[in-house]
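>>> One predicted model, sequence on top.
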Amino acid sequence: MCRFLIFKGKQPIRLSHLLTRPAHSIINQSFDSRLRLDRRRPMNGDGFGVAYYPLDDELSEDGPCLFKAITPAWNNQNLSTLAEKTKSDLVFAHVRASTYGVLSETNCHPFTYHSLCFMHNGGISNFKGIKRILLNHIKDEYLNFIQGSTDSECAFALFLDTLDKLGYDPKKQDGDFGNVPLRKAMLQTIDYIRNWTKEANKNEVHVEPSLLNFAVTDGSTVIVSRYITSKTDEAASLHFSCGSSFVETSPGEYRVERLDRNQDVIMVASEPLTFERGDWTAVPTNSILTIKKQTILLHPIIDEYYQEDPLYLRSSTLAESKGLMGSIPLAKAVEKNVPPLEREGRTRPPTAVAHIA
Amino acid sequence: MYNSRGVALHSELIHRWNHAFSILSIVAFPKKRLLFAGSQDSKILVFDLPTYNLIHTIRLGESQEETHTRSSVLCLTRSEDENFLFSGGADSLVRIWSIGEKAIRDDFLPVTETATVYSVTDIGDIFSLAYLDSLETIVFGCQNASLLYVENLIQKIQRASSDRLENINRLPHRRYDKFFDSLGPTGCSSNSLSQSSLTSLQENCGAAIIEVPSENIIKYAHNGFVYSTNKLCPRFNQLLEKNSSTSSSEHIISSAGDGISKLWEFSRDKQLNTVKVTLVNDKIDNEDSVISQTIEFPFLYCGLTDGILKIWDLNTQQLISTLKTKNESDIISISVYMDHIFAIDESGITHFYQNQVNHWNPQQGKILSSEIFNKSNAESVSLLTGGSDGSLTLWDITSLLSAVPLSDALQINASSKLQATNSWAVYQPASLDNEEMLETLRELVSYQTVSQCKDTANTLSLRRCAIYLQQLFLKFGATNAQLFPLPDGGNPVVFAYFQGNGKGTVEKGSKKKRILWYGHYDVISSGNTLNWNTDPFTLTCENGYLKGRGVSDNKGPLVSAIHSVAYLFQRGELVNDVVFLVEGSEETGSANLKHVCEKYHDIIGKDIDWILLSNSTWVDQEHPCLNYGLRGVINAQIKIWSDRPDGHSGLNGGVYDEPMVNLVKIASKLQNEQNEIQIPNFYSPLKDLTEVEHERFQKITKLANIDESTTVEDLITNWAKPSLSMTTIKFSGPGNITVIPKSVTMGISIRLVPEQSVEQVKQDLKTYIEESFKQMNSQNYLEIKVLNEAEGWLGDPTNHAYRVLKDEITAAWDVEPLLVREGGSISCLRMLERMFDAPAVQIPCGQSTDNGHLANENLRIKNWSNLTEILSNVFNKL
C-alpha cells in the first residue's frame, strides 16, 4: 500500500504544503488512507522518503537532496521541521508499505543516481523468477549501484542501464536528458519487465499481473507510468492535477486554483491531496504521463494489455486488494444531477454497463 | 496609444463590467445582441448589448452555496443561428442551453438548460468546444488528451426529453462511493458526509442527459491537453480537399499542449445516420504547447508559450511567420480580424498589423479571454476581453482597423476585402468583358506580393494572393486547382487544370493538345511611392491605361490568359486541355520551381505540347511582337580576403598581398583591350547569325519605332551576342582612402546566348579565375559564388504555334508582328521546356514604355484586351 506524490511548479513550494499540512497529504494518507480495504496492513508505515531538487545552482549539481527514514512518517519530528523550512520546485515523495524487501532505509523510495530520481508504486509479478535475468542483463556499474533488496530498486537499475544503452550517460551531472529519451527508456524498461515476467510465468497457472507505476525525473522532465500487465484489471491508482496555484482555503484544506491554461503547479499522486473532485483527473491505465517544462503530455502504452474501447471498465479488485487504489475524497457539497463519473468512484447505471457487456 | 510612426491609434473603451470572479470565456450573439461570459465561480453572465445591462445569470451545478468554483466555465460556443449556447468546463460536462428571444419590455430572456453531455471516462477539464451546425454535432477537447463528439444533437435532445421514463432510469440515482462508503480505520464508514449522497436522489430533471458513446471518443487525439478546437468555415472545404468536395462534411482544427495542430474531417454516414471522423493531417508542429488558436482562412494562428505566435498556411501546412510579444509570457487568447492580430497575454493586448506592433494594458489583472465580433449593423467592430479581476471590457476597434498610416493605406480597404472574401463560394461566369477582367485584376493588384520582402505582411499577402488565384480557378470551373508547397516554405505555386470540353476544330484523328500557361503572381517592390502618380497597389484606369504594380509584369497578362481559357471552358468551347502554373518567386529567381515540377509532374501532366507565357513587352509602342529568343545569365561574385584585419597604406602598404590589388588584376584579365571576353572557349560554340535572322533584325530597325541610331549590329550585340558586365564592388573597412580593405567582393553579370552551355561557362569561368589567382602566388583567399543563373533560349519562330500566333496577332492588330529576341533572361523557361519536353512561345503583351520593375508601371488596355482575344483563339487552334 505505497503512495507517492510528485510536485513540479513554476514557483517553488514549501514542502509542508505537500507533505504535512494538507488533511489528505501522503503523510496523513499513510495512517488514514481513505481506502482501507487492505485490512492486513492498514497503514503505510514502513518508512518514507522525500527527494527534492534544490533551488540554489550550487546545490542543484548532481541530483536532489534525499531524506529517508524507516520510522512511520507521521511520527517523524525531523520531517515536520524540514518540510516547514524547505522550498523546492520539484519534489518526489513516497510512503512505503513493504511488499518486497525488509524494512531498511536502503529499501525506501525514492532512489537517486546522480541527477536522476526514481520511485515505484506497485510490484513486479514473480520478481524472484526474473531477478537473475534482470541482474545479468544490466552492466556492472548498475548492478553495484543496488544496495537494497527491493524489486523497485532493481527496476531503477534496469532503467539506468536502458538509458545508458540508448546512448545517454545516466551519470550526466546536470540531467536534462529531454523528454523523448527518458520516455523511451521508461517504455523500454517496462517492455523488458513485461517480457521477462511473461516468460517466467509461462508455466504458472495463476499469475498476478505486475503493477508498474514508475516515476522518474532528471531534475527537469518528469515521466510517470500507470501500467499493469493485464487487459482486464485496473492499474494502481494515479491522478494528476494542475493549475495556477495550490492554495490553502482553510486549515488543512487545499484547492488547486485554475484560472487559465497555465500549468504553473503540477501534481501527480497515487491518491489526491485535496477534497475537490474537480481538481483531479485520473491518468488512464497503461499510459505514460510526461511533464515537459510546465506542460503535461499523455502517451498510451500500446501492447497486448492496451484496451481500445475507451469505455472498457477494468476491474479494480486486484489493485484494491493490494491497497493500491486510492479514490478522490469529496468535498461537502455534491451536485445532485451530475451524471456518474468514474473518477468519483460512482458506478454507472445498469443500462450503461449492459451495453458494454 | 501611438504606433511606431507616431500616428495615434484608437481603440475606445466602450464599456466595462465588473464581476467578483475571473471571466474565463466569452461568446457574443451579435444577431440577438447578447453577450455571454463564463466565470470562474460557475456562472454564465448574460449581458444585453444595446443597454450594456446584466440581464440574466445562469448558475451551473445545484450547489446550495452561493458561489462555488467546481463548474468553472472554461469555454463557450454557440450555434450559428444563435438558438443554442454550449458551455464546457471544470466539471467535465458540456451543457446545452436554448436561448430564446429577449422580451423587449422587461429584459426577460428565456434561457433553458436543454441537455447535459457527459462521458463515463475521466476526461478532466473541458478546454474547448466547437459546434458543427450542419451535422448538429458538438465536439469538445479535454484534459485527458481526447476529443469527444456527439452527433445529431437536436434529435437526441428531443428523443431524450420525450422519453422521460428511460431518461430517469439513466439518472445517477444509485451512487456507490468508494470514499464515503468505505470503512474507516475502525471498520465503520464515515458518517456525516454520506448523508448528502443519499439525499441526492432527484425525481425531476428538466434537461436531457446524453452520454458520449464509446465510438465517439477519440482517445489520444493529441498527447497533451486539447486547448483549442476551431471550426473551419464549410465554404473552404473545396480548397482543402483538392479534387473532390462533399457537401456533408465539416472540418475542425484542434491544437494541444503537445504542440501539434490537427485537421479533422467530420462527415455524415448517410446510411447509419452517424458522423464519422477522419484525421486529415497532423503535419503542423508548433514545437511548443499551443495555448490558444484562431483561424482566418487560409491562415491558422497559434498562440504558444513565451509569447510566440505562429502563423500557418492551412492549404500547404507551411509555417509562414513567427511573431513574438514583448512580454514573452503565454499567449492565453488570440483573436484575428482581417489580418489584425490581437494576442492576449498577462501583460495585456498586443496588436500586430503589417509591420506594426501596438500594445496596451486594459488594467484587468491578467486577461484570460477575448472575442472579436461585428455589431449587427456590421459597421463597427468590437473586441471583448475578460480578466482575472472579474472585469469584462468592450472596446471599439473600428478606427484601429481603418487607421492605417499613409504609406500603408495602399492596402485594400477593409470592407471591400470582406465582401470579396464572402463571395468566394459563388460560381462566377467568366467573361471577356473588360469590366469583369478589371475586377479580377483589381483584386490581384491589391495583394502586395513583393517576393523580395520576407516580412510577415508581404508573406501573408503572397499566400492570400495564391489562395485567391486558386479560388478564382475553381470559381471559373477548373477541374483541379491546388497549391504546390515549396520545400523551403516559400510562396506556393498555383496549379490549375481546365479539361477541354469543346468539339471545336480538332480534326478527326488528331489528339487533343495539352497547353501549359506559365505566369507569376509576385512583383517587384514599388520602391519610393512618391515617384508614383497613383497608388501602386490600387488598380487605376486612366486615359486608356491600367496603372499599378504588376499590371504589366505579370498580373495583367495572367488575367488575360485565365479569362480567355475560362470563357471558352464555360461555354463548352475549350478544345484543348490547359494547365496553369503560376509561381510566386519569379522575381527572386524561381529557385524551387524545378523541384515543384519534378515532384508534381504527374499532376501537371507528362504530355504537355506547348508552353505559353507572356512575360515581356514590345520593342516599341506600336508594333506587336513575338519573342523567340532570350539570353542566358550567370550572376557571380568573386571574393578575395586575407587573414589580416583592415590595414593602413602607410603602415602596411607594399608589405603584403592586398585583396583589392588581387581582384583588380583578376578583373583586368576577364576582358582584353578589344573588350573580348577572355574566359577560355567562351566564343567557340557561337554560330553566325543566319541570313533569315539577319533579315528579321533588319526589318526591326526599319519598322520599329526605336532610336534611329540603333543599327542591326547593335541589335545583334544586344540580343545574339554574349556580354560580361562588372556590376558591383564591395569592400570592408570605412572606405577611407588610406585603408587597405581586408576583403573585397566584385559582382559580375554574364549574359549568354543559347549556343553556350551555362554549366560549361561556369566551369571555365571558375577555372580561369582560379588559375589567374594562382599565378599571383597570393597569400589571400579566393571564393567564386554563382548567385543565380539562367539558360539562354531560342525558339523556332516557324513552328505551328508561332504561325498560329502570327495569324491571330495580325488579325487583331491589322499588322504582322515583328519577330524579336531579347537581351534579358527568364530563368525557368529552358527548365520548363526540358522538363515537359515541349517548345515554349513567348508572347509580349505591353509596350516598351510599360515601366515594369519601375515606378508608374502601366499597361495599355487595348494591348490587354487584344491579348485576351488572341489567346482565346490560340488556345483552341494549337
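Everything's here; your move. These numbers were taken from a predicted model, which means no experiment stands behind them.

>>> all contacts plus neighbour counts: C-alpha atoms, from now on.
Noted.

>>> give me every residue that touches residue 135.
Using chain A. Each residue near A:Leu135 by C-alpha atoms under 8 Å, 6 or more residues apart in numbering or on different chains is listed here: A:143, A:154.

>>> not what I meant, chain B
Listed by C-alpha under 8 Å, 6+ apart, the contact set of B:Leu135 reads B:151-152, B:248-250, B:267-268, B:275.

>>> top of these by neighbour count?
Among these, the one with the most neighbours (other C-alpha atoms under 10 Å in any protein chain shown) is B:Glu250, at 24 neighbours.

>>> Could you pull out the strands in the stretch 151-300 of chain A for me?
Taking DSSP state E, counting those that start in this stretch to define them, one finds strands in the stretch 151-300 of chain A at A:211-217, A:222-226, A:239-243, A:245-250, A:253-257, A:265-269, A:281-282, A:287-292, A:295-300.

>>> rewinding a little: filter the contacts of B:Leu135 down to just the ones in strands.
Residues from those lying in strands, with DSSP state E as the criterion: B:249-250, B:267-268, B:275.

>>> that older thread, compare the strands of the stretch 151-300 of chain A and report which one is nearest to chain B.
strand A:295-300 (4.3 Å; C-alpha to the nearest C-alpha).

>>> quick one: that closest one near chain B?
Yes - Strand A:295-300 is in contact with chain B by C-alpha under 8 Å from any C-alpha of the partner chain, via A:295-300.

>>> Save these as a markdown table, and put in neighbour count and pLDDT too.
Shown next, in a markdown table, are the residues of strand A:295-300 next to chain B (neighbours: other C-alpha atoms under 10 Å in any protein chain shown; pLDDT from 0 to 100):
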| residue | neighbour count | pLDDT |
| --- | --- | --- |
| A:Thr295 | 21 | 91 |
| A:Ile296 | 25 | 93 |
| A:Leu297 | 23 | 94 |
| A:Leu298 | 26 | 93 |
| A:His299 | 18 | 94 |
| A:Pro300 | 18 | 94 |
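
>>> Need the max-distance pair from those residues.
Maximum pairwise distance among the residues of strand A:295-300 next to chain B (C-alpha to C-alpha): 16.7 Å, between A:Thr295 and A:Pro300.

>>> re the thing from before, tell me which of the strands of the stretch 151-300 of chain A is the most buried.
Highest mean neighbour count of those: strand A:222-226, a mean of 27 (counted as mean count of other C-alpha atoms under 10 Å in any protein chain shown).

>>> Check which helices and strands that strand sits against.
The contact analysis (3 or more C-alpha pairs under 8 Å, 6 or more residues apart in numbering or on different chains; DSSP states H and E) places strand A:222-226 against helix A:179-200, strand A:211-217, strand A:287-292.

>>> Mean pLDDT and distance to chain B added to these, as CSV?
Formatted as CSV, the helices and strands packed on strand A:222-226 follow (pLDDT from 0 to 100; distance: least, C-alpha to the nearest C-alpha, whole Å):
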stretch, mean pLDDT, distance to chain B
helix A:179-200, 93, 12
strand A:211-217, 94, 18
strand A:287-292, 94, 9
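
>>> between those, which one is nearest to B:Ile679?
Of all the helices and strands packed on strand A:222-226, helix A:179-200 comes closest under C-alpha to C-alpha, at 55.8 Å.

>>> low-confidence ranges in the stretch 151-300 of chain A?
Scanning the stretch 151-300 of chain A for pLDDT under 70 picks out nothing.

>>> go with 90
A:172-176, A:199-208, A:231-237, A:243-245, A:247-264, A:270-282, A:293-294 (pLDDT under 90).

>>> and A:Leu134, how many neighbours?
18.

>>> In PDB, list the C-alpha atoms belonging to the host helix or strand of it.
Element membership of A:Leu134 [criterion: DSSP states H and E] is helix A:127-137. The C-alpha coordinates for helix A:127-137 follow below in PDB (Å, rounded to 0.1, in the frame of the first residue of the first chain):
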ATOM      1  CA  PHE A 127      10.100 -11.000  -9.200                       C
ATOM      2  CA  LYS A 128      12.000 -14.000  -7.800                       C
ATOM      3  CA  GLY A 129      11.600 -15.600 -11.200                       C
ATOM      4  CA  ILE A 130      13.200 -12.800 -13.200                       C
ATOM      5  CA  LYS A 131      15.600 -11.300 -10.700                       C
ATOM      6  CA  ARG A 132      18.600 -13.300 -12.200                       C
ATOM      7  CA  ILE A 133      17.700 -12.400 -15.800                       C
ATOM      8  CA  LEU A 134      17.500  -8.700 -14.800                       C
ATOM      9  CA  LEU A 135      20.700  -8.700 -13.000                       C
ATOM     10  CA  ASN A 136      22.500 -10.500 -15.800                       C
ATOM     11  CA  HIS A 137      21.100  -8.000 -18.300                       C
END
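
>>> Return the list of helices and strands in contact with the next helix or strand after it.
For helix A:127-137, the following helix or strand on the C-terminal side (DSSP H and E) is helix A:140-145. With contacts taken as 3+ C-alpha pairs under 8 Å, 6+ apart, helix A:140-145 sits against helix A:151-165.

>>> what's in contact with the helix it packs on?
A:100-101, A:107, A:111, A:118-120, A:123-124, A:127, A:134-135, A:138-139, A:142-143, A:145-146, A:169-170, A:181-182, A:185-186, A:188-189.

>>> Check whether the helix or strand harbouring B:Ile311 comes into contact with chain A.
Per DSSP H and E, B:Ile311 falls inside strand B:308-313. No - on the criterion C-alpha under 8 Å from any C-alpha, strand B:308-313 is out of touch with chain A, staying 14.9 Å away.

>>> Mind picking the two most distant members of the ones in strands among the contacts of B:Leu135?
The largest separation in these, counting by C-alpha to C-alpha, is between B:Glu250 and B:Val275 at 10.3 Å.

>>> shared neighbours, the two?
Both B:Glu250 and B:Val275 are in contact with B:135, B:266-267, where contact means C-alpha under 8 Å, 6+ apart.

>>> The helix or strand following the strand holding B:Ile311 pairs with which strands, and in what direction?
For strand B:308-313, the following helix or strand on the C-terminal side (DSSP H and E) is strand B:318-324. Looking at strand B:318-324 with DSSP bridges, its partner strands are strand B:308-313 (antiparallel).

>>> strand partners of whichever strand or helix holds A:Ser88, parallel vs antiparallel please.
Following DSSP H and E, one finds A:Ser88 within strand A:87-95. Paired with strand A:87-95 in the same sheet, following DSSP bridges, are strand A:3-14 (antiparallel), strand A:48-52 (antiparallel).

>>> can I assume A:Leu238 is in contact with A:Met267?
No - counting by C-alpha atoms under 8 Å, A:Leu238 stays clear of A:Met267, with 10.5 Å between them.
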